[in-house]
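# Please work out how this folds:
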Amino acid sequence: MSGIKPVLLWLRRDMRLSDHPALIAACADGGPVIPVFIHDEGVEALGAAPKWRLGLSLAALARDLEGRGSRLILRRGRAQEVILSLARELGAGAVHWSRLYDPASIARDTEIKAALTERNIKAQSHNAHLLFEPWTVETGTGGFYKVYSPMWRAVKDREVPAPQPAPARMPAPDAWPASDRLDDWRMGAAMDRGAGVCLPHQCVGEGAAQDRLGAFMAGAIGPYKDARNNPGIAGTSGLSENLTYGEISPRQCWHAGRRALHEGAQGAEHWLKELVWREFAYHLIYHTPEILHRNWRQDWDAFPWSETADAAVLRWKQGRTGVPFVDAAMREMYVTGRMHNRARMNVASYLTKHMMVHWRVGMDWFAECLTDWDPASNAMGWQWTAGCGPDAAPYFRVFNPETQLAKFDPEGAYARAWIAEGQARPPATALSFFDAIPRSWGLSPGDSYPAAPLVGLAEGRKRALAAYEAREF
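Predicted structure coming up:
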């Protein structure tokens, strides 16, 4: 194969071999395919948990590639410099990658594409991260959707291409270029002792993701509509972490859900709606990238949120607010790297409404602590709950964590699973919290649980609604 130019496959959040359009196109070019991952400034800026989890995904993909006679090349530096240097080193004729949709990635990829084209190197990007490209979903008047429900109605019956199998073969070069060692990147360094606690709760790699999807379709998809709201049971698919790193494709999930729907699974349509909710988040960051850092509704810019990292915010982070639903959710996050979606809404509502703290404080902390962190879903979720985001009833909704927990977890399993204080024999999940958190917090199972909420639920609701009424438009 020495007479055919090599092809670079630049991997980012597409850590799989099946239903991978960029990989398929790279193999179709005919030359040796060199998969490469670049530890650039975007990777460096990741929070502790997502960076660690990305490292696990890279290790799993490297093993899968080796099983196909291929190899994952690791390089560190600015993406453009690394890509151009590697292309020159190998005499590459093409570079393929999967598109990302945040503004920083778009700007970076546009520059790289121009630089490659200038050097007569084919540069081709592909859709692997979404069901529908954001620019292909429009309202009847030609604009983008600002409300979820009409977007769901617009796309629910659209054709989604069938998932493609992994290539039968991946042509390898006669000699592989030099590669960094993943261990030398120390991607889990900031996790410290929390990594060991979190690790058993991760479902890493393409094979594990497919198994997880199969198990969900065989069981929990049926009662999903109601079970998804109960944080005390395993009522969801858990695939958020796998979609985040591209260990499974949204098309694979969509078609599995459609099959379940046709077979009569009662919860299938609601699960498909959750996939489109993820699409809606990316739809918004593409068309309104400011959602990532400032109020989506600009008339909220003068709202009197606090952004001070004071003692109250620390108690919220520590799961010591005295509100069991909020505290259990925060502790679940430290132990597992994830948080139940119903719990996320209550945690965010308590911070932004009862405590009157800016949503950016919570969004940034989630970006530090979630192993399923997703830039679009995280930003939209926080703004949706805070009231300044895309929602038809923004600030009137103030979640009451007490009644929410009573409604969706009447047996109290969630709080018992994660809050050790006050239990004679707390479960391992609750005790693991103390092994996962920073030592500097100085917390132990022998501590007394707060006797009263940090902010009373009735008091906080009243203050939040008063601030809403006094807001100047």
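
# The lengthiest strand in the chain: how far from the chain's middle?
Looking only at the chain and at elements set by DSSP state E, the strand with the highest residue count is strand 33-39. Taking the mean of its C-alpha atoms, strand 33-39 sits 22 Å from the chain's own mean (C-alpha atoms, centre = their mean, to the nearest Å).

# Got the domain ranges for this structure?
Taking automatic domain parsing as the domain assignment, the record places the domains of the chain at 7-128, 130-161+198-287, 298-470.

# ok, back up a step: counting contacts, what elements does the longest strand of the chain pack onto?
For strand 33-39, the packing partners by 3 or more C-beta pairs under 8 Å, 6 or more residues apart in numbering; DSSP states H and E come out as strand 7-11, helix 21-28, strand 73-76, helix 79-90. C-beta here means a position set from N, CA and C on the backbone, and glycine is covered the same way.

# Now tell me what touches the first one from outside.
Meaning strand 7-11. Contacts with strand 7-11, where a contact means C-beta atoms under 8 Å, 6 or more residues apart in numbering, come from 22-23, 26, 29, 31-38, 61, 72, 79, 83, 86-87, 90, 92-98.

# How far does the helix or strand that the longest strand of the chain is followed by sit from its chain's centre?
Reading on from strand 33-39 to the C-terminus, the next helix or strand found by DSSP states H and E is helix 41-44. The offset between the C-alpha centroid of helix 41-44 and the centroid of the whole chain comes to 16 Å, using C-alpha atoms, centre = their mean.

# what does stretch 149-164 give?
Stretch 149-164 has its C-alpha centroid displaced from the chain centroid by 21 Å (C-alpha atoms, centre = their mean).

# contacting residues around the longest strand of the chain?
6-12, 23, 26-27, 58, 65, 70-77, 79, 82-83, 86, 90, 92, 170-173, 176-177, 180, 185.

# Could you pick out the buried ones from these?
When the contacts of strand 33-39 are checked for burial by 16 or more other C-beta atoms under 10 Å, the buried set is 6-12, 23, 26-27, 58, 65, 70-75, 79, 82-83, 86, 90, 92, 170-173, 185.

# Quick check: Ala107 is in a helix.
Yes - according to DSSP: H, G, I helix; E, B strand; the rest coil, the state of Ala107 is that of a helix.

# per-residue confidence for the spatially most central residue of the chain?
To find the centre residue of the chain, average its C-alpha atoms and take the closest one (C-alpha atoms, centre = their mean): that gives Asp374, at 2.7 Å. Residue-level confidence at Asp374 comes out at 97, pLDDT.

# Thr236 too?
Thr236 is assigned a pLDDT of 97 by the prediction.

# residues near it, how many?
Burial measure for Thr236: 21 neighbouring residues, criterion other C-beta atoms under 10 Å.

# burial count for Leu314?
Applying other C-beta under 10 Å, we find 11 other residues in the vicinity of Leu314.

# got the contact list for it?
Taking C-beta under 8 Å, 6+ apart as the test, Leu314 contacts no residue whatsoever.

# can you give me phi and psi for it?
With angles defined as degrees, to the nearest 10, Leu314 sits at phi -60, psi -40.

# how far away is it from Met330?
Applying C-beta to C-beta, to the nearest Å, the value for Leu314 to Met330 is 11 Å.

# next one: Trp305
Between Trp305 and Met330 the computed distance is 20 Å (C-beta to C-beta).

# and the two? which has more neighbours close in?
Taking neighbours as other C-beta under 10 Å, Trp305 and Met330 compare with Met330 leading, 24 against 21.

# show me where pLDDT drops low in this structure?
Counting by pLDDT under 70, the ranges of the chain that qualify are 1-3, 392-396, 472-473.

# switch to 90 and redo it
1-4, 298-303, 308-309, 391-398, 464-465, 467-473 (pLDDT under 90).

# How about the contacts made by the closest residue to Ser18 other than its chain neighbours?
Counting by C-beta to C-beta, 6 or more residues apart in numbering, Ser18 lies nearest to Ala166, which is 4.4 Å off, once chain neighbours are set aside. Ala166 sits next to 17-18, 20, 23, 68 when contact means C-beta under 8 Å, 6+ apart.

# Just give me the closest of those to Pro103.
Closest approach to Pro103 among the contacts of Ala166 (C-beta to C-beta): His20, at 24.5 Å.

# residue contacts, that closest one?
The neighbours of His20, taking C-beta under 8 Å, 6+ apart as the test, are 14, 98, 128, 164, 166, 249.

# For Ser98, what are phi and psi?
phi -100, psi 140.

# before we move on, what about the one 4 residues further on?
Backbone geometry at Asp102, expressed as degrees, to the nearest 10, gives phi -80, psi 150.

# can I assume it is in contact with Ala376?
Yes - under the criterion of C-beta atoms under 8 Å, Asp102 is in contact with Ala376, at a separation of 7.3 Å.

# who's more crowded, those two?
Counting neighbours by other C-beta under 10 Å for Asp102 and for Ala376 shows that Ala376 has the greater number, 23 against 17.
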